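In: I need the structure of the sequence given here:
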Amino acid sequence: MIRFKARSTEKEFMDDLSLDKDQIKAILKDIRLTNKWLGGNNITIRALDRIFKEHPREKYTILDIGCGDGSMLREVADHCNKKNIHTQLIGLDLNEKSINIAREYSHSYGNIEYRIKDVLSLEPEELQCDILLCTLTLHHFSEEQIHTFVKKFALLTNIGIIVNDLDRNKIGFVLFKLLSQVFMKTSIAKHDGLISIKSGFTSKDFRRFSRTVPAMDHKVMWRWAFRYEWVLTHPNT
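Out: The predicted structure follows:
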C-alpha cells in the first residue's frame with residue numbers, strides 16, 4: 001500500500017549522473033511536454049509577474065536552480081521579451097549533459113547562460129540574483145538538505161525565491177499514472193514521475209521550511225495541476 005503521510009526517500013533514476021545524453025534528452029522532453037500540457041511552468045511565470053509588479057527594476061537577474069534542459073528559462077525569456085522586461089538569466093545544474101542540452105536548445109537566446117554548478121558552493125560575492133527559481137527540484141532532496149538550500153537561496157537573492165513543486169497527493173499520483181501512459185514515451189520518466197509525487201510536499205511542509213528564514217515573508221498556494229507555489233520575499237525590497 002502506498003502511503004503519502006511522509007515524503008518518500010526513494011531515489012529517481014534521473015539523479016544518476018551516468019545516464020547518457022540521449023537518454024537525458026528523451027526524459028527531459030517527456031517532462032517538458034507534460035509540463036506544457038498541464039501548464040506547470042505558468043505557475044512560475046505568474047508568480048514572476050507579481051514580483052515584477054511589486055518590485056519594479058530596470059533589469060532583473062534571475063537564477064534557475066536545477067535548470068535541466070533550460071525550458072523554464074526559455075519560457076521566462078520569451079515572456080519577458082513580450083512584456084519588454086529586461087533580464088539576465090542564469091541556469092545551474094550539476095549534470096554536465098543536461099547543461100550541454102540546455103545550451104544546445106538555447107543557442108538563439110542571448111540573455112541566457114548556463115553553468116555546471118552546485119548551488120551550495122556558491123557564495124553571495126560570486127553570484128547575486130534578484131529572483132531565484134526552483135521548479136520541480138526541491139523534492140529531490142531530504143528535509144535536512146532543503147533547510148540548507150533555503151538558507152543559501154536567501155543569501156543569494158535580493159528580492160525573493162519562487163518554488164514550484166509537487167503536491168504529495170493520492171489523486172495526483174493516480175492521475176499521473178494514467179496520463180503518463182499516454183503522454184510519456186520513456187520508462188524512466190514514468191517511473192520517476194511517480195516517485196516525484198511521493199517525494200512532494202504538503203502546505204505544512206513549506207510552512208515548516210519557512211521557519212529556516214524567519215526574516216523573509218512567505219506565501220504558500222496550491223495550484224493546478226497538483227502543485228504548490230511557495231514564494232519568499234525579502235521585506236523592504
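In: just give the nearest non-adjacent residue to Val213, would you?
Out: Counting by CB to CB, 6 or more residues apart in numbering, Ala154 is the residue found nearest to Val213 once chain neighbours are left out, at 4.5 Å. C-beta: built from backbone N, CA, C; applies to glycine.
In: list the helices and strands the helix or strand hosting that neighbour packs on?
Out: Ala154 is part of helix 143-156, with elements assigned from DSSP states H and E. Packing partners of helix 143-156 (3 or more CB pairs under 8 Å, 6 or more residues apart in numbering; DSSP states H and E): strand 129-135, strand 157-166, helix 203-210, strand 227-233.
In: so what strands line up beside the longest one?
Out: What that stands for is strand 157-166. Using DSSP bridges, the strands paired with strand 157-166 are strand 129-135 (parallel), strand 227-233 (antiparallel).
In: what about the residue most central in space within the chain, distance to Phe206?
Out: When the chain is reduced to its mean C-alpha position, the closest residue under CA atoms, centre = their mean turns out to be Thr135, at 1.2 Å. Counting by CB to CB, to the nearest Å, the separation of Thr135 from Phe206 is 15 Å.
In: kindly report the same for Ser108.
Out: Plainly put, Ser108 is 36 Å away from Phe206 if you go by CB to CB.
In: more neighbours: which of the two?
Out: Phe206 (22 against 8; other CB atoms under 10 Å).
In: just confirm that one contacts Met221, I think it does.
Out: No - using CB atoms under 8 Å, Phe206 is not in contact with Met221, being 9.7 Å away.
In: now render the strands paired with strand 157-166 as CSV, adding mean pLDDT.
Out: Converted to CSV, the strands paired with strand 157-166 look like this (pLDDT from 0 to 100):
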stretch, mean pLDDT
strand 129-135, 99
strand 227-233, 99
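In: just so I know, which of those strands lies nearest Asp165?
Out: Nearest to Asp165 among the strands paired with strand 157-166 is strand 227-233 (5.8 Å), distances taken as CB to CB.
In: and the angle from that closest one to helix 203-210?
Out: Counting by axes from the mean of the first three to the mean of the last three CA atoms, to 10 degrees, strand 227-233 lies at 20 degrees to helix 203-210.
In: give me the distance from strand 227-233 to the chain's centre.
Out: Here strand 227-233 is found 11 Å from its chain centre; the criterion is CA atoms, centre = their mean, to the nearest Å.
In: now do stretch 184-193
Out: 18 Å.
In: ok, and for it, which residues are buried?
Out: Met184, Thr186, Ile188, Ala189, Lys190, His191, Asp192, Gly193 (16 or more other CB atoms under 10 Å).
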